[in-house]
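Peer 1: pasted the sequence and its predicted model underneath.
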Amino acid sequence: MRIDIFTLFPEMFTGVLSSSILGKASEKELVDFHVTNFRDFSESKHGTVDDTPYGGGGGMVLKPEPLFRAVEALTGEKKPRVILMCPQGVPYHQKLAEELAQEEHLVFICGHYEGYDERIREHLVTDEISIGDYVLTGGELAAMVVIDSVVRLQPGALGNQTSAVEDSFSTGLLEYPHYTRPADFRGWKVPDILLSGHHANIEIWRLKESLRRTKARRPDLLEKLELTDEMKKLLAELEQEKK
Ligand SMILES: CN(C)c1cccc(CNc2ccc(C(N)=O)cn2)c1
């Protein structure tokens, strides 16, 4: 997978794309990152990329041609998905991460508070994505969040691939509690079931704890879930315990 990032602050990406899982994925050639300063594509010798808004009003607006030239310099045979990070975008979620992870080529445009000339949205961008209902100083951090969640889904990116498939949002439930050595830390003990070696019972315990936690913290996720008979049984047990 190739990922292109257009930003005025390429240096923001250096650490993130060369560290940890993303850095290893790049070394393993699971992903090919290209970070470009779209100021390089400005027609003016001063590298102007924004200008005052038609119709007056404050702030500046990103000019269309530097971004059009930058993205058009890219496209080989296939049209890549061109993703604009902005608060008005589609609320980002794991299903969209899984969809983007299937793409061969993703292009991210990271703009700034000033906003974008509408022709960028209408004729260049294929997707507008928001990582949440809050405003950042620029699209860079939002792009890093999307890139992180997409690259970790690439086969071979994570140590044991199962953790990407089983992790909470892909099952629709929140994670169950995790424990590691020591079994007794300051008198706080690991639940006996996890030391029992009964894998079937451990699976059930984990599902029940995921249901308990999801019910307590994210009832909205539970609403959306197609409950299996086993889940219904465990939820009934949880109800009983509360009485
Ligand atoms: C109109 N406006 C404020 C604006 C417009 C475009 C870009 C930006 C850059 N800032 C961003 C970008 C994304 C997100 C997000 N939630 O994904 C939050 N902030 C701000």
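Peer 2: Done, it's in.
Peer 1: contacts only, for residue 130.
Peer 2: Counting by C-beta atoms under 8 Å, 6 or more residues apart in numbering, residue 130 makes contact with 85, 86, 87, 88, 89, 90, 91, 92, 142. From N, CA and C alone the C-beta is placed, and that goes for glycine too.
Peer 1: find the nearest non-adjacent residue to it, please.
Peer 2: residue 89 (3.8 Å; C-beta to C-beta, 6 or more residues apart in numbering).
Peer 1: so what's the residue count around that neighbour?
Peer 2: Using other C-beta atoms under 10 Å, the number of residues around residue 89 comes to 17.
Peer 1: check residue 206 too.
Peer 2: Each residue near residue 206 was counted by other C-beta under 10 Å, and the total is 18.
Peer 1: what sits closest to it if chain neighbours are left out?
Peer 2: Leaving aside its sequence neighbours, residue 206 is closest to residue 176 (4.1 Å, by C-beta to C-beta, 6+ apart).
Peer 1: does that neighbour count as helix, strand or coil?
Peer 2: Classification of residue 176 by DSSP: H, G, I helix; E, B strand; the rest coil places it in coil.
Peer 1: isn't it up against residue 207?
Peer 2: Yes. Counting by C-beta atoms under 8 Å, residue 176 touches residue 207, with 7.4 Å between them.
Peer 1: rewinding a little: in terms of helices and strands, where is the residue nearest to residue 130?
Peer 2: In this structure, residue 89 sits in strand 81-91 according to DSSP states H and E.
Peer 1: okay, the most centrally placed residue in the chain and the ligand: tell me how far apart.
Peer 2: Averaging the C-alpha coordinates of the chain gives a centre point, and the residue nearest to it by C-alpha atoms, centre = their mean is residue 146 (3.1 Å). Here the criterion is C-beta to the nearest ligand atom, to the nearest Å. By it, residue 146 lies 9 Å from the ligand.
Peer 1: check residue 93 too.
Peer 2: Per C-beta to the nearest ligand atom, residue 93 is found 12 Å from the ligand.
Peer 1: so who does the closest residue to residue 224 other than its chain neighbours touch?
Peer 2: Closest residue to residue 224 apart from its sequence neighbours, by C-beta to C-beta, 6+ apart: residue 172 at 6.7 Å. In this structure, residue 172 makes contact with 221, 224, 225, judged by C-beta under 8 Å, 6+ apart.
Peer 1: ok, now residue 194?
Peer 2: Neighbouring residues of residue 194 by C-beta under 8 Å, 6+ apart: 179, 202, 205.
Peer 1: near the second one, how many other residues are there?
Peer 2: By other C-beta under 10 Å, 16 other residues sit near residue 202.
Peer 1: so it lies in a strand, does it not?
Peer 2: No. When classified by three-state DSSP, residue 202 is found to be helix rather than part of a strand.
Peer 1: how about it, what does it touch?
Peer 2: Applying C-beta under 8 Å, 6+ apart, the residues contacting residue 202 are 193, 194, 196.
Peer 1: in the contacts of residue 130, which residue is surrounded by the most others?
Peer 2: In terms of neighbour count, residue 85 stands highest of the contacts of residue 130 at 26 neighbours, by other C-beta under 10 Å.
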